[in-house]
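Undergrad: Okay, here's the prediction I keep looking at, along with the sequence it came from:
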Amino acid sequence: MPAVSKGDGMRGLAVFISDIRNCKSKEAEIKRINKELANIRSKFKGDKALDGYSKKKYVCKLLFIFLLGHDIDFGHMEAVNLLSSNKYTEKQIGYLFISVLVNSNSELIRLINNAIKNDLSSRNPTFMCLALHCIANVGSREMAEAFAGEIPRILVAGDTMDSVKQSAALCLLRLYRTSPDLVLMGEWTSRVVHLLNDQHMGVVTAAISLITCLSQKNPEEFKTCVSLAVSRLSRIVSSASTDLQDYTYYFVPAPWLSCKLLRLLQCYPPPEDGAVKGRLVECLETILNKAQEPPKSKKVQHSNAKNAILFEAIALIIHYDSEPNLLVRACNQLGQFLQHRETNLRYLALESMCTLASSEFSHEAVKTHIETVINALKTERDVSVRQRAADLLYAMCDRSNAKQIVAEMLSYLETADYSIREEMVLKVAILAEKYAVDYSWYVDTILNLIRIAGDYVSEEVWYRVIQIVINRDDVQGYAAKTVFEALQAPACHENMVKVGGYILGEFGNLIAGDPRSSPLVQFNLLHSKFHLCSVPTRALLLSAYIKFINLFPETKPTIQEVLRCDSQIRNSDVELQQRAVEYLKLSSIASTDVLATVLEEMPPFPERESSILAKLKKKKGPGAVSGNELEEGKREGGELNGAGERPGDSSAIGASNASTPSPSADLLGLRSAAPVSAAPPSAGSLLVDVFSEAGPAAPAAGANDDGFLRDLEPPTESSDSLLAEGPGDSDSAPPSVVSEDPAPPLPESDELLNKFVCKNNGVLFENQLLQIGVKSEYRQNLGRMYLFYGNKTSVQFVNFTTTVSCPGELQSQLNVQLKPVDPLVEGGAQVQQVINIECLTVFSDAPLLNIKFRYGGALQNLTLKLPVAINKFFQPTEMSSHDFFQRWKQLSQPQQEAQKIFKANHAMDTEVLKAKLLGLGTALLEKVDPNPDNFVCAGVIQTKAQQVGCLLRLEPNAQAQPGEQMYRLTLRSSKDTVAKRLCELLAEQF
């Protein structure tokens, strides 16, 4: 190694830095810098050749000027020339300048790469380290391409010095993180793994960082590292602090290496080899035992190092979740930290215990610390620690302690920090629902929650309590009484008014016998809140008022007077005005029987997963609410749960008869829809596009088709239940008077079909006579499609018939059934038809829809392709980066992959691309692909016969000029026909 002489300092650089520091103003500094830049430029351009010392000095000055924030546009070549020097200090300054100022697109990159290659092959360890540091600092793809094959050879070579091996391992790690596709270990894998046995602890520490990163992406290739890691960990744990003197930190042997080894083991399941597993368990027990020993030093560095190893060991114990003894011991150790004076330790203990609470072996042990955790929730100064305490209470809650935990969380909510209130509200609502055995307790809890933290109660929470009250007959009277009492408070939150309006509108009759809660008292109480509420709440209250007229006829004059006042029927808000006018008219002209039919009670909601759980999962991020918890929520709360969707407005049941159905009652998701009335509009008017986002939509499904979404729940006994015909359904549509053969499919059928690959709703076909709209929904291997046939003329369509046929093999791949359609379609009217679909196995073709009718005596006969493609039966699948690429690698057979490179048909808009990929039906996996511009998706196609997993990767070339942008689309599937078909469908979408 070249010696660095003491007289090698650069006096000119020191003087320049001193001048800069002595500048009194920014202008003076700039003036001095400009003078120096002019001097350096003249020296570089001068005829006299500069020696190495002068180049080094001037390059250093340029580097200092750059670090002050000024642009440097010359001197790069001189820095590159310094790389060829044999003096360490000159070469070091050259590499430093290049690492900081040269970008990957520079024209000098080839010269730099040549200089680096020369240094790597020089066998001079100092120069090799400088070159490796430069590669790691720049880390560009060009450098990865140039050196990714050379560095592993240096790393595993027997004659490479230890300091160079350390630099090589960390350099390779940097290149792998930036360009994983270029760093292929291949033949070097086993030799890299065996670096864990190296005698030099620095080499092992550097190598394990590389191996951990490689193992996360390719666990199978590096699984031999487990036994070596356990062996090395055992030697460190069992050694005394004097054995590893150079690597002992405040009496703790090799703490950084120990943490990295424990973290590496978390990439793998428990060892299958009994001896290795026993040795690892012994190591973990030793670490737990050492945590109980008195400290060997009072310095904080000692406790930090000791606790770092302990927490990594506990994380490994939790990861394995297979050693009950270790899990309980870990829990007890964490319990001691809950009252530690160090805030960080309390935080980490609470965080780790949250994970322990989900283990069946340690859940009971975690529950023993409930009082300590409650105390932490109340007394901790740090809000982040209080949040972890709330998380732990949520995790340790079960039927035995639910009431205590919910009560404590409600009590804390009154003084809770604003940043965690919304999350606390969601958790209280979930626990109250999940563990409620007494429904009156559930109602009390939610109403108390709204009273305490009304501003933080999201819509999902009060929707949920409505659904549950409607689904439970035994709690409806209690709920009405309780909400009536809650509304009597002078200051009442708007969410309480919403719940009160809904429940009293539905079940106010159950408490009307008491003079204190007579119908008129109920109405006056609700109406006293009316003027303080927002427009959506007022709309709900108006619906409650019309319900009152049905429940309590004696309130009719009073309510009509309210509806008739100018503030209602001339309200500036269209929704309120329309409701007031229509409800007033309905109450005036409708008979008692009609009112009772239109305004009957809401039916029970179908049982579905709680939307509150989904909201909490979204708020906390992936992994915050486990899949098991979601399933448990559905299982334990099954009889309590209503639909996980917004409850309808009180007036929604009569949507098919009232002129304006409630937007929230529309289970199909069509909003602000007015059903087609029997009376046609003016003869010249065309049907509006019922599927446009802003336009009107179809009637509420629940009113017209027996709530078909309930049938879309996965059948409990047989999938045939979806396709079973209802009472009165014949084997097929009514006999047709038209006997002509179906017409061949329209030439544009395929183009129309492609429009629906990434969406379920829209206009399928339109000409001067007829408009056909589609609204569909799919669940597992079952689907239901609504077809809307609109007559755009003023003349009747007669003998209107439709048939669906499955050509060729499609008969054995799809089961399709139609419900009959009205054979007479009035001018300007619209009729609706339901089609049930069952996917039996994978398919490529689409069913054919034939429509025949007579218009003005002339037969109209047209055939279209139904927008049913194999992707409609996708079930989105969330995957980690590791799982995705592991599965991607498994699907490596040529017949399992379909790839297409094609030109972009539309502008490359990231949000549009995401929307289309989500519309495909797959899960869009964020931060999985190393290239952030790429998109990866995963899903499982559900058929009756089998499940077909699919992985998708879309690589856009967004940097190209418009008109030259391309995509590369790759699909891998366990079934070859699926990958090819999906590739064909998707290539047309971008």
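TA: Everything's here; your move. Numbers count the residues shown, from 1 in each chain.
Undergrad: where's residue 67 relative to residue 96, distance?
TA: Using Cβ to Cβ, to the nearest Å, we find residue 67 at a distance of 11 Å from residue 96. For the C-beta atoms, the positions are set from N, CA and C on the backbone; glycine is no exception.
Undergrad: I misspoke; the intended subject was residue 90.
TA: Between residue 90 and residue 96 the computed distance is 11 Å (Cβ to Cβ).
Undergrad: Between those two, point out the one with more neighbours.
TA: The residue with the greater number of neighbours, taking residue 90 and residue 96 and applying other Cβ atoms under 10 Å, is residue 90; the counts read 23 against 19.
Undergrad: That one: which element?
TA: In this assignment (DSSP states H and E), residue 90 forms part of helix 88-101.
Undergrad: That helix: how far from the chain's middle?
TA: Centroid separation for helix 88-101 versus its chain: 44 Å, with Cα atoms, centre = their mean, to the nearest Å.
Undergrad: ok, and what's touching it?
TA: The contact list for helix 88-101, computed with Cβ atoms under 8 Å, 6 or more residues apart in numbering, reads 1-2, 4, 8, 52-53, 55-56, 59-60, 62-63, 66-67, 72, 75-76, 79-83, 85, 112, 119, 126-127, 130-131, 133-134, 137-138.
Undergrad: which of those are buried?
TA: 52, 55-56, 59-60, 62-63, 72, 75-76, 79-83, 85, 112, 119, 126-127, 130-131, 133-134, 138 (16 or more other Cβ atoms under 10 Å).
Undergrad: Compute the inter-axis angle for the very next helix or strand once past the helix holding residue 90 and helix 88-101.
TA: Past helix 88-101, heading to the C-terminal end, the next element that is a helix or strand (DSSP H and E) is helix 109-120. Angle, helix 109-120 to helix 88-101, by axes from the mean of the first three to the mean of the last three Cα atoms, to 10 degrees: 140 degrees.
Undergrad: Which positions within helix 109-120 qualify as buried?
TA: Under the neighbour-count rule (16+ other Cβ under 10 Å), helix 109-120 has 109, 111, 112, 113, 115, 116, 119, 120 buried.
Undergrad: which residues in the stretch 801-950 of the chain form strands?
TA: Remark: strands of the stretch 801-950 of the chain, listed N- to C-terminal, are 814-818, 830-839, 848-855, 858-865, 874-876, 897-903, 923-925, 935-942, 947-956; assignment by DSSP state E, counting those that start in this stretch.
Undergrad: Using CSV, list the CA coordinates for the second one.
TA: Taking C-alpha atoms only, strand 830-839 is exported to CSV below (Å, rounded to 0.1, in the frame of the first residue of the first chain):
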residue,chain,number,x,y,z
GLN,A,830,-86.5,0.0,-21.5
VAL,A,831,-86.8,-3.7,-20.4
GLN,A,832,-84.4,-5.6,-18.4
GLN,A,833,-83.1,-9.2,-18.6
VAL,A,834,-81.0,-11.3,-16.2
ILE,A,835,-78.5,-13.9,-17.4
ASN,A,836,-76.9,-16.3,-14.9
ILE,A,837,-73.5,-17.6,-15.8
GLU,A,838,-71.4,-20.5,-14.3
CYS,A,839,-67.9,-21.1,-15.4
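Undergrad: hey, where'd the helices end up in the stretch 401-550 of the chain?
TA: Applying DSSP state H, counting those that start in this stretch to the stretch 401-550 of the chain gives helices spanning 402-413, 418-434, 439-453, 459-471, 473-487, 494-507, 519-530, 535-551.
Undergrad: closest one to residue 558 among those?
TA: Distances from residue 558 to each of the helices of the stretch 401-550 of the chain were compared using Cβ to Cβ; the minimum, 6.6 Å, belongs to helix 519-530.
Undergrad: Touching the closest one from outside, list them.
TA: By Cβ under 8 Å, 6+ apart, the list of residues contacting helix 519-530 from outside reads 484, 487-488, 492, 497, 500-501, 504, 508, 511-512, 538, 541, 544-545, 548, 551-552, 554-555, 558-559, 562.
Undergrad: give me that answer again for 10 Å
TA: Around helix 519-530, the neighbours that count as contacts under Cβ atoms under 10 Å, 6 or more residues apart in numbering are 480, 484, 487-488, 492, 494, 496-498, 500-501, 504-505, 508-509, 511-512, 514-515, 517-518, 537-538, 541-542, 544-545, 548-549, 551-555, 558-559, 562, 567-568.
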